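Novice: okay, sequence plus prediction incoming.
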Amino acid sequence: MPSFRTDPELVEACLLGDREAWDNLVTRYSRLVWSIPRKCGLSVSDSEDVHQSTFASLVHHIGDLRDHQRLSSWLITTATRASWRIRKRVTERSTVPIE
């Protein structure tokens with residue numbers, strides 16, 4: 001069932017260990033987070049890695065968020081940085097040095 005709670009309410013509930021709140025946050029922002037690596041040109045597999053690492057990072061850092069109203073901005077920034085890291089890794093792997 002979709003949640004009609006605000007982001008700050010969901011974050012507070014997550015901090016209290018509310019599993020339903022976590023599920024609601026992931027459902028609410030899954031498409032947004034998924035779209036970022038795809039727009040960066042990453043493969044489906046790499047996009048799944050970005051998605052997973054972004055939400056794993058949220059689990060570890062949700063208590064550090066200064067402004068719970070800006071959760072979407074935090075997720076966008078985190079997913080973008082993860083996408084850049086993976087894209088750099090893929091590019092470096094595919095680049096053969098010329099000797």
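Specialist: The structure has been received and is ready for your questions.
Novice: where does the chain have low pLDDT?
Specialist: Applying pLDDT under 70 to the predicted model, the residue ranges of the chain that meet it are 1-3, 95-99.
Novice: if we go to 90?
Specialist: Low-confidence regions of the chain, defined by pLDDT under 90, span residues 1-4, 89-99.
Novice: ok, and the closest non-adjacent residue to the most centrally placed residue in the chain?
Specialist: Most central residue of the chain, judged by C-alpha distance to the mean C-alpha position with CA atoms, centre = their mean, is Thr54 at 2.9 Å. Closest residue to Thr54 in three dimensions, ignoring its sequence neighbours and counting by CB to CB, 6 or more residues apart in numbering: Ala79, at 4.5 Å. (Each C-beta comes from the backbone N, C-alpha and C, glycine too.)
Novice: which residues sit against stretch 62-73?
Specialist: The contact list for stretch 62-73, computed with CB atoms under 8 Å, 6 or more residues apart in numbering, reads Thr6, Asp7, Pro8, Leu10, Val11, Glu12, Cys14, Leu15, Leu25, Tyr29, Leu32, Trp74.
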